[in-house]
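J.: Just the structure for this:
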Amino acid sequence: MNDLALLLTPEGRALLDAVRDTAPADELAVATRLRREHPADLVSAALGQARLRQRAAAKFGAADAGRMFFTPNGVEQSTRASVAAYRAECFRAMGVRSVADLCCGIGGDAIAFARAGIRVLAVDRDPVTADVARANAEALGLADLIEVREADVTEVDTAGYDAVFVDPARRGGRGRIFDPEAYSPPLSWAVGAARKASRAAALKVAPGVPHEAVPEDAEAEWISDGGDVKEAVLWFGTTPGAIRATLLPSPRTLLGRGLPDPRVRPVGRYLYEPDGAVIRAHLVAEVAEDLDAGLIDPTIAYVTSDALLPTPYATAYEITDQLPFNVKKLKALLREREVGTLTVKKRGSAVEPEELRKKVKPAGPNSATVFLTRVTGAPTMLVGHPA
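T.: All right, here's what the predicted structure looks like:
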């Protein structure tokens, strides 16, 4: 809190501008020089904040990150701006004009809501975090739409708001928390708060949330951005029981159709690797049906077919070789093909990609992708390239 207060002074803001582009290797020299003219604690605070802003640029974009304020946990746990903007647009499309953002953190989601024209009550019980959220609302010119309140979210009355958004803490002193009831606040409390919302509610949960933990009256959505799975969301006030996978930045959404598991078939000419959000949402069967494809193994989320069909929900590879797992044979094949750039993917294999790469020692002008997997239960290597 003291660091933030220092940085919000005119001297602090000027110093932040001065150290904006400082590289980590130059920090010691820059700190030594600046401490001749500025207090040591202010210089340390400015350099620390500059480092956090550089890290945050990947999530918030350089323009916003360069004006915002961060804590180490805030950079790590905040929602990526593209995901927050997508969610805010979903709320706006539902007619939401006000939202209670509970466990708001440094304000990433609150900012997206406000930019969508939604009035926000942003609540966090940590005083430093609440102060940072308030500073960010002001820094981005959104203070008129965002009220930040330091409070225990379980004691906040949300009756005057159209919607509720809850982002429970999913990290503790020992790292990630996998039990939804160990979230802070617990998922059961968040579900209760969501059910009280007058129009809609969304609960942000870990992508690995068990499907059996999803309430019957909730819609479950898994979201990826640029191919990386970011989060799962439980929606209330939408379509109870629905399952969907959404791929950003498009966005494209695949709805579950309640299909049985796909058939298992021999490896065809093409292998499709479903997006992580599709896999987490258990919608591989929907992709397989759309591609007239089957699984290579009943326990592996790779689908295969003899035809190349376009789909936004999976990446296609043309398979040139299928081998039983054997490092020597793979090494000989790659040497024969003059493969120097080797991408190693694995699913259902204990072999580490880097370990395999060291053993086969790829060299040459060509590239290839090898899949370490199982085919009808047998350890297998599939070699190919993006289709």
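J.: hey, let's count contacts and neighbours off CA atoms from now on
T.: OK.
J.: so who does Pro274 touch?
T.: Taking C-alpha atoms under 8 Å, 6 or more residues apart in numbering as the contact definition, Pro274 lies against 284, 287, 301-303, 313-315.
J.: how about a cut-off of 6 Å?
T.: Going by C-alpha atoms under 6 Å, 6 or more residues apart in numbering, Pro274 touches 313-314.
J.: residue ranges of the helices in this structure, please?
T.: 2-7, 10-18, 27-34, 40-60, 62-65, 72-77, 81-93, 108-115, 127-139, 187-195, 276-280, 284-291, 327-337, 353-360 (DSSP state H).
J.: pLDDT on the last one, on average?
T.: Rounded to a whole number, the mean pLDDT of helix 353-360 is 94.
J.: Buried ones in that helix, by neighbour count?
T.: For helix 353-360, a neighbour-count test (16 or more other C-alpha atoms under 10 Å) marks 353, 357, 360 as buried.
J.: tally of neighbours for the residue nearest to the last one when sequence neighbours are not counted?
T.: Nearest residue to Val360, sequence neighbours excluded (C-alpha to C-alpha, 6 or more residues apart in numbering): Lys331, at 4.7 Å. Lys331: 18 surrounding residues under other C-alpha atoms under 10 Å.
J.: Ok, which of the helices of the chain comes nearest Gly241?
T.: Among these, helix 187-195 comes nearest to Gly241, with 14.5 Å by C-alpha to C-alpha.
J.: Report the contact partners of the spatially most central residue of the chain.
T.: In the chain, the C-alpha closest to the average C-alpha coordinate belongs to Lys230, at a distance of 1.8 Å (C-alpha atoms, centre = their mean). Neighbouring residues of Lys230 by C-alpha under 6 Å, 6+ apart: 223-224.
J.: Quick check: the gap between it and Asp3.
T.: Per C-alpha to C-alpha, to the nearest Å, Lys230 is found 30 Å from Asp3.
J.: for Pro353, same thing?
T.: Taken as C-alpha to C-alpha, the span from Pro353 to Asp3 is 43 Å.
J.: List the contacts of stretch 129-145.
T.: By C-alpha under 6 Å, 6+ apart, stretch 129-145 touches 68, 105-107, 114, 119, 124, 148, 150.
J.: Figure out how far stretch 13-28 is from the centre of its chain.
T.: 29 Å (C-alpha atoms, centre = their mean, to the nearest Å).
J.: what's the span of it from first residue to last?
T.: Start and end residues of stretch 13-28 are separated by 20 Å (C-alpha to C-alpha).
J.: Next, the distance between the ends of stretch 108-123.
T.: Terminal-residue distance, stretch 108-123 (C-alpha to C-alpha): 12 Å.
J.: And stretch 242-261, by the same measure?
T.: End-to-end distance for stretch 242-261: 18 Å, by C-alpha to C-alpha.
J.: Could you list the buried residues of that stretch?
T.: 242-248, 253-256, 261.
J.: And these, which is the shakiest by pLDDT?
T.: Minimum pLDDT for the buried residues of stretch 242-261 is recorded at Asp261 (94).
J.: So what touches stretch 53-71?
T.: The contact list for stretch 53-71 (C-alpha under 6 Å, 6+ apart) reads 75, 80-81, 136.
J.: To clarify, my last question referred to stretch 150-162.
T.: 96, 98-99, 102, 123-125, 130, 198-199.
J.: Now, of those residues, which are buried?
T.: Of the members of the contacts of stretch 150-162, the ones counted as buried by neighbours, 16+ other C-alpha under 10 Å, are 96, 98-99, 102, 123-125, 130, 198-199.
J.: For the stretch 201-350 of the chain, which residues score under the pLDDT cut-off?
T.: Nowhere does the stretch 201-350 of the chain drop to pLDDT under 70.
J.: Now do the strands in it.
T.: Assigned by DSSP state E, counting those that start in this stretch, the strands in the stretch 201-350 of the chain fall at 219-225, 228-236, 243-248, 252-255, 270-274, 294-295, 303-305, 314-324, 339-346.
J.: State the number of residues packed around the closest residue to Leu356 other than its chain neighbours.
T.: Excluding the flanking residues, the one nearest Leu356 by C-alpha to C-alpha, 6+ apart is Val327, at 7.6 Å. Using other C-alpha under 10 Å, Val327 has 15 neighbouring residues.
J.: how far away is Val327 from Thr380?
T.: In this view, Val327 and Thr380 are 11 Å apart by C-alpha to C-alpha.
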